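>>> need the 3D shape of this:
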Amino acid sequence: QRQAIVSGLRDSVNCFKADVAGVDSKQVMDLLLVTQYFDMMKDIGGNSRSNAVFMNHSPGALQDLTQAIQGGFMSSLPAAPSFAQVQR
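Here you go, the predicted structure:
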């Protein structure tokens, strides 16, 4: 099944490149990815039974989220002394 998907993507990229001058494979894949992303967002937004949580997805957001989780974990260490001990 995955091979069929990859084959279909390859065919789509090659057809697009043949029809539109001056684009490379990466640009076509980027366009496909953005199109799929917006299709997914439309589907989630259009479903009244959706239980989705939208989070910031800017380039620095993952690092900010990671730091917030680590900060929360580290702030709980004094309450759990066995975790706070440094192993040597």
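>>> output the lowest mean pLDDT helix or strand found in the protein.
helix 81-84 (a mean of 51; mean pLDDT, DSSP states H and E).
>>> give me the element D39 is part of.
The secondary structure element spanning D39 is helix 25-46 (assigned by DSSP states H and E).
>>> low pLDDT regions in this structure?
Applying pLDDT under 70 to the chain picks out residues 57, 62, 73-88.
>>> which parts of the helix holding D39 are buried?
Within helix 25-46, the residues that qualify as buried are V28, counting by 16 or more other Cβ atoms under 10 Å. In short, each C-beta sits where N, CA and C put it, glycine included.
>>> name the residues that touch that helix?
With Cβ atoms under 8 Å, 6 or more residues apart in numbering as the contact definition, helix 25-46 has outside contacts at L9, S12, V13, F16, K17, S50, A52.
>>> immediately after it, which helix or strand?
Once the chain leaves helix 25-46, the next helix or strand it forms, by DSSP H and E, is helix 61-75.
>>> quick one: that next one to chain centroid distance?
Between the mean C-alpha point of helix 61-75 and the mean C-alpha point of its chain there is a distance of 18 Å (Cα atoms, centre = their mean, to the nearest Å).
>>> heads up, I number from 39, so please use that
Got it, first residue is 39 now, which makes that one helix 99-113.
>>> I'd like to know how far V58 sits from L69.
Here the criterion is Cβ to Cβ, to the nearest Å. By it, V58 lies 10 Å from L69.
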